[in-house]
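Chemist: Predicted model, plus sequence, below.
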Amino acid sequence: MTATLTPDPKVLQIGIIGMGDMGRMYARRLSAAGWKINACDRPEQFEKLKEEYGSNSLVNILENGHYVSRLSDYIIYSVEAENIDSIVATYGASTKVGAIVGGQTSCKAPEIAAFEKYLPADVQIVSCHSLHGPNVDTRGQPLVLIQHRASDDALDLVRTVLTCFNSQFVYLTASQHDKITADTQAATHAAFLSMGVAWYANSQFPWEVPRYVGGIENVKINISLRIYSNKWHVYAGLAIMNPAAQAQILQYAKSVTELFTLMVEHKADEFRDRVYAAKKAVFGGLPANHELLLSDDLLDKFSLSNVPPQERTPNSHLSLLAMVDCWWKLGIVPYDHMICSTPLFRIWLGVTEYLFQSPGLLDECIDVALENDTFRADDLEFTVAARSWSEIITFGSFKLYRYRFETTQNYFSPRFADATKLGNEMIKTIFEKTKQRRLH
Ligand SMILES: NC(=O)C1=CN([C@@H]2O[C@H](COP(=O)(O)OP(=O)(O)OC[C@H]3O[C@@H](n4cnc5c(N)ncnc54)[C@H](OP(=O)(O)O)[C@@H]3O)[C@@H](O)[C@H]2O)C=CC1
Ligand SMILES: O=C(O)C(=O)Cc1ccc(O)cc1
């Protein structure tokens, strides 16, 4: 039996368990739209949070998830994916009779399993996932809704509450969600994580190195730093806990290794044929009059470096060649996922498209890869890093993931503020450019 839920801000109470970056963003936006929020983080954060939200009469800070659960009609768990099972195990039984429960974790299989295991049978399950970070403008961004164990009325209520984000709702099952987000996020993150580790291993701050000047380099640097400025567990969770993601990261490392091997063996024909076969598979279906997502001007705008873009050094772009190779080998057509894409994925797709579709650029990159040693040491470190991330993820080691992530994070941390500012502008500009593509 399900209780009647009224989508009226005067009556309905929304619970948020986990007041980290995403939980706070939800609390801020929902309370600004007039909804009553009951929220908590770990009990040790109670006093601090109470003080912080003291002036917001719509945000009621409580000591723990039991108090949030017994009062609220729609509860969102916004906690680390790794801990979802134990947190739902702790608070699930306190859920108000007939309430709706959802989660914000990036991988839905473990979240849904925890809900099914610990929530009383009268509780409905509608999960969600905002496909962007906490500091991105929510307007127009994909927001996945999963009507897992719930009536149409319950889904309607969740939609009514989350409408104030002005995001674009995408309706999926939990397994569709995990498959698509693996396609869009897993190898994308692996590429940027590997760049960071490789630069660190070579003791480089790439924006200070003249060979790292130019539009594509700007994107690599900004996005890599953006990822490293975030919390390690966000990326660890979605890579380690999603089985589809592991296969993709493994393929990405394989593509990097095989292409690098062909490069150092100078197997020019085999290398060129492979890159062109990947190009045909991934970009072959685009219409002849297809306009590139990104342009030179746009890419040059977002630089952390002081070296003028005219002094650009051609690069082998192993990370990008391997990305397209990986999509080809896995049968992924990235354009099919625009409706469910994150800002980073759209940017990464834009850059790969720019490299593969700008006249002359791909051939220049192939020539550099085969004949020029300028980037050889960087490419070697990149290959080692990609393999190492793949091993950590396949082995499922949160501990080693955290260590590798945080040592690299410390190295780059002085530049996070600048990179985040530029990254936000870049995301905004590219978002405008790619709007048409997402909607059609
Ligand atoms: N950041 C992002 O870009 C996005 C993240 N997500 C997903 O959203 C979820 C939250 O991410 P995010 O906000 O970035 O991470 P945070 O680490 O900032 O937030 C999680 C919060 O939950 C708290 N927490 C842990 N255990 C409990 C508990 N028992 N009771 C109450 N609170 C608890 C954590 O405390 P403590 O730190 O002490 O453990 C932390 O404050 C993750 O699953 C992530 O994958 C989804 C979309 C985007
Ligand atoms: O855009 C990206 O890929 C990000 O890095 C931000 C992000 C992280 C985790 C998610 O579940 C969704 C978005």
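Modeler: Done, it's in. Numbers count the residues shown, from 1 in each chain. Ligands and ions are numbered 1, 2, ... in the order given.

Chemist: in this structure, what spans have low per-residue confidence?
Modeler: Low-confidence segments of the chain (pLDDT under 70): 1-4, 211-214, 295-298, 300-312, 433-440.

Chemist: which stretches of it form strands?
Modeler: 13-17, 36-40, 59-61, 74-77, 100-103, 124-130, 142-149, 168-171 (DSSP state E).

Chemist: And the contacts of the shortest one?
Modeler: When contacts are defined by Cβ atoms under 8 Å, 6 or more residues apart in numbering, strand 59-61 is touched by residues 27, 31, 36-40, 46, 49-50, 53. Yep, even glycine has a C-beta here, placed from its N, CA and C like the rest.

Chemist: Does at least one residue of it sit close to ligand 1?
Modeler: No - interface with ligand 1: strand 59-61 contributes nothing (Cβ under 6 Å from any ligand atom), its closest point being 11.4 Å away.

Chemist: List the neighbouring strands of that strand plus their orientation.
Modeler: If you go by DSSP bridges, strand 59-61 pairs up with strand 36-40 (parallel).

Chemist: returning to what we had before: if we only consider the contacts of strand 59-61, which is nearest to residue 281?
Modeler: Nearest to residue 281 among the contacts of strand 59-61, counting by Cβ to Cβ, is residue 27 at 44.1 Å.

Chemist: burial measure for that closest one, as a count.
Modeler: 25 (other Cβ atoms under 10 Å).

Chemist: cool, and residue 189?
Modeler: Using other Cβ under 10 Å, residue 189 is surrounded by 27 other residues.

Chemist: that older thread, list only buried entries from the contacts of strand 59-61.
Modeler: 27, 31, 36-40, 46, 49, 53 (16 or more other Cβ atoms under 10 Å).

Chemist: Which of those sits closest to residue 219?
Modeler: For the buried ones among the contacts of strand 59-61, the nearest to residue 219 is residue 27 (32.0 Å; Cβ to Cβ).

Chemist: Hmm, the closest one is touching residue 39, no?
Modeler: Yes - counting by Cβ atoms under 8 Å, residue 27 does reach residue 39; the two are 5.5 Å apart.

Chemist: Show me how far the lengthiest helix in the chain is from its chain's centre.
Modeler: Among the segments of the chain that qualify as a helix by DSSP state H, the longest is helix 416-439. Chain-centre distance of helix 416-439: 14 Å, with Cα atoms, centre = their mean, to the nearest Å.

Chemist: hang on, the earlier thing: which neighbours do residue 27 and residue 39 share?
Modeler: Common contacts of residue 27 and residue 39, defined by Cβ under 8 Å, 6+ apart, comprise 16, 19, 53, 59.

Chemist: how many neighbours does the residue in the stretch 251-400 of the chain positioned nearest to ligand 2 have?
Modeler: Residue of the stretch 251-400 of the chain nearest ligand 2, by Cβ to the nearest ligand atom: residue 342 (3.1 Å). Here the number of neighbours of residue 342 (other Cβ under 10 Å) works out to 23.

Chemist: Residue numbers of the stretch 51-200 of the chain in contact with ligand 1?
Modeler: Applying Cβ under 6 Å from any ligand atom, we find that the stretch 51-200 of the chain lies next to ligand 1 at 65, 78-81, 83, 87, 104-106, 130, 133-134.

Chemist: Near ligand 2, which residues of the stretch 201-350 of the chain are found?
Modeler: 227, 234, 238, 342-345.

Chemist: Might you calculate how far stretch 252-271 sits from the centre of the chain?
Modeler: Here the centre of stretch 252-271 is set off from its chain's centre by 28 Å, with Cα atoms, centre = their mean.

Chemist: Go through that stretch and flag the buried ones.
Modeler: Applying 16+ other Cβ under 10 Å to stretch 252-271 flags 252-260, 262-263, 271 as buried.

Chemist: now those residues in TSV, with distance to residue 190?
Modeler: Output for those, formatted as TSV (distance: Cβ to Cβ, whole Å):
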residue	distance to residue 190
252	5
253	7
254	11
255	11
256	9
257	13
258	15
259	15
260	15
262	20
263	19
271	22
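
Chemist: Go through the residues you listed and name the one nearest residue 112.
Modeler: When the buried residues of stretch 252-271 are compared against residue 112 (criterion: Cβ to Cβ), the nearest one is residue 252, at 26.6 Å.

Chemist: Against residue 319, how distant is the residue in the stretch 101-250 of the chain positioned nearest to ligand 2?
Modeler: Residue of the stretch 101-250 of the chain nearest ligand 2, by Cβ to the nearest ligand atom: residue 106 (3.2 Å). When distance is defined by Cβ to Cβ, to the nearest Å, residue 106 is 22 Å away from residue 319.

Chemist: again with residue 161
Modeler: In this view, residue 161 and residue 319 are 40 Å apart by Cβ to Cβ.

Chemist: Then residue 178?
Modeler: Distance, residue 178 to residue 319, using Cβ to Cβ: 25 Å.

Chemist: if you count what's nearby, which of the two comes out ahead?
Modeler: Set residue 178 next to residue 319 and count neighbours by other Cβ under 10 Å: residue 319 wins out with 27 against 24.

Chemist: burial measure for the nearest residue to the more buried one once chain neighbours are set aside, as a count.
Modeler: Nearest residue to residue 319 in three dimensions, chain neighbours excluded: residue 191, at 4.9 Å (Cβ to Cβ, 6 or more residues apart in numbering). By the criterion of other Cβ under 10 Å, residue 191 has 29 neighbours.

Chemist: Hmm, residue 95 and residue 125 touching each other?
Modeler: No - between residue 125 and residue 95 there is no contact under Cβ under 8 Å: 10.5 Å.
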